[in-house]
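K.L.:
Below are the sequence and a predicted model; questions follow.
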Amino acid sequence: MIDIVIVNWNSGLQIKRCIHSLIIHEQEDLAHIVVLDNASTDGSTTALESLTNVKVRYSATNLGFGAACNLGAKSGNSPYILFLNPDTRLERNSLSVPLKFMEQPENSTVGVCGIQLVDEQSKVSRTCARLPTLGRFVSSALGVNKLPGLSGSGIHMSDWDHDTSREVDHVMGAFYLVRRELFEQVGGFDERFFVYLEDVDLSKVVKDAGFSIWYLTEANAFHAGGGASRQVKAHRLFYSLRSRLLYAFKHFPQWKAWCLLAVTNLLEPLTRTIWCLLRRDFAGVKYTWAAYRMLWRSMGHILRGDGRYNP
């Protein structure tokens with residue numbers, strides 16, 4: 001059985017459609033659906049309160065994704081937890097296939113499982129990622145991975161068409177099925193990551209604990225992508241940059257973390273500006289520098305490792 005945890009923040013109709021797809025397709029494998037509302041202001045969870053098998057919990061403040069997931073996970077006790085984005089919609093076999101895969105004795109050391117996600121054009125999204133290294137972070141920071149033939153130099157596995165099942169370093173947190181015992185063993189999500197890379201960090205910890213991560217193409221689900229973060233572009237970039245540095249100072253040798261900090265603060269603002277100008281994206285230039293002003297104000301929090309500065 002599976003407990004599904006959905007973190008909601010102003011997702012509008014998306015979360016209603018997500019819950020509807022769960023109720024229609026996957027009742028047999030479901031124990032509980034837990035919706036943790038992160039101080040939304042759009043009333044998106046109001047209509048869910050009357051639904052059976054759906055627990056809606058409210059936070060007075062926005063806890064961030066990882067902290068909200070941890071809180072939601074405590075509301076159930078099933079052997080598996082599925083962390084699911086509100087901008088997803090499941091299909092008939094979205095739960096049964098990965099659950100059957102995880103239950104097979106030969107897969108007892110598979111800690112996390114993800115499935116194929118398709119976008120609004122029914123195109124398979126390239127959602128898996130490699131665990132970050134200094135080189136991969138720098139490639140993404142400087143836009144090297146955008147150059148022809150170098151798409152595989154970054155973190156995201158955009159150079160792979162995602163048409164076969166295989167072991168990977170990381171599956172996207174939009175559909176992240178994990179064994180509860182393992183999740184609790186490693187302490188859940190690191191709550192210093194307000195949003196972004198908390199799922200990558202957990203995948204790193206899961207693999208360090210001796211478990212593998214699998215991506216399955218035998219099942220799929222719809223994922224819109226971007227979700228509520230589309231609403232706050234400058235903040236989205238800020239949180240992404242901050243999480244990158246938090247990850248580096250947590251997992252990299254100190255000299256590599258400081259190298260990445262230098263690249264992120266001194267070179268990346270310029271390269272991002274150049275890429276925006278080449279696309280004539282003048283709004284993007286504005287968002288870039290707004291994000292970096294927030295990042296520079298939060299640098300003390302990042303270096304102390306607390307990660308909780310919220311502009």
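P.N.:
Perfect, I can see it now. This one's a predicted model, so the numbers in the text were calculated from it and none came from an experiment.

K.L.:
Pull the number of nearby residues for Val171.
P.N.:
If you count neighbours by other Cβ atoms under 10 Å, Val171 ends up with 25. Placement of C-beta: from N, CA and C, glycine included.

K.L.:
neighbours around the closest residue to it other than its chain neighbours, how many?
P.N.:
Leaving aside its chain neighbours, Val171 sits nearest to Gly114 (2.7 Å; criterion: Cβ to Cβ, 6 or more residues apart in numbering). The tally of other residues near Gly114 (other Cβ under 10 Å) stands at 26.

K.L.:
again, but for Phe194
P.N.:
Neighbours around Phe194, by other Cβ under 10 Å: 22.

K.L.:
looking at it, it is touching Arg242, isn't it?
P.N.:
Yes: with contact defined as Cβ atoms under 8 Å, Phe194 counts as touching Arg242 (7.5 Å).

K.L.:
which SS state does Arg126 fall under?
P.N.:
coil (DSSP: H, G, I helix; E, B strand; the rest coil).

K.L.:
OK, contacts around it?
P.N.:
By Cβ atoms under 8 Å, 6 or more residues apart in numbering, the residues touching Arg126 are His156, Met157, Ser158, Trp160, Asp161, His162.

K.L.:
same thing but at 6 Å, please
P.N.:
Going by Cβ atoms under 6 Å, 6 or more residues apart in numbering, Arg126 touches Ser158, His162.

K.L.:
Give me the phi and psi for it.
P.N.:
When read as degrees, to the nearest 10, the backbone of Arg126 gives phi -90, psi 90.

K.L.:
next one: the one 10 residues further on
P.N.:
Here is the backbone geometry of Arg136 (degrees, to the nearest 10): phi -70, psi -40.

K.L.:
I figured it was touching Ile155, is that so?
P.N.:
Yes: between Arg136 and Ile155 a contact is recorded at 4.9 Å, counting by Cβ atoms under 6 Å.

K.L.:
Give me the contacts around the top strand by length along the chain.
P.N.:
Ordering each strand of the chain by length in residues (DSSP state E) puts strand 212-223 first. Strand 212-223 has contacts (Cβ under 6 Å, 6+ apart) with 88-91, 93-94, 97-98, 109-110, 112-118, 128, 165, 167-168, 171, 174-175, 203.

K.L.:
Among these, name the ones in strands.
P.N.:
Short answer: those in strands (DSSP E) are 88-90, 110, 112-118, 167-168, 175.

K.L.:
Please identify which two of those residues are farthest apart in space.
P.N.:
Distance extremes for these: the farthest pair is Arg89 and Glu167 at 26.4 Å, using Cβ to Cβ.

K.L.:
of these two, who's got more company?
P.N.:
Using other Cβ under 10 Å as the criterion, Arg89 and Glu167 rank with Arg89 on top: 21 against 9.

K.L.:
Could you pull up the contacting residues of that one?
P.N.:
Arg17, Cys18, Ser21, Phe222.

K.L.:
got any ranges where this protein has weak pLDDT?
P.N.:
Low-confidence segments of the chain, defined by pLDDT under 70, span residues 26-27, 226-232, 307-311.

K.L.:
Just the strands from the stretch 1-150 of the chain, written as ranges.
P.N.:
2-8, 30-38, 54-59, 80-84, 88-90, 110-118 (DSSP state E, counting those that start in this stretch).

K.L.:
I'd like those strands as a markdown table, with distance to Phe252 appended.
P.N.:
Listed next are the strands of the stretch 1-150 of the chain as a markdown table, based on distance: least, Cβ to Cβ, whole Å:
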| stretch | distance to Phe252 |
| --- | --- |
| strand 2-8 | 28 |
| strand 30-38 | 29 |
| strand 54-59 | 32 |
| strand 80-84 | 25 |
| strand 88-90 | 32 |
| strand 110-118 | 22 |
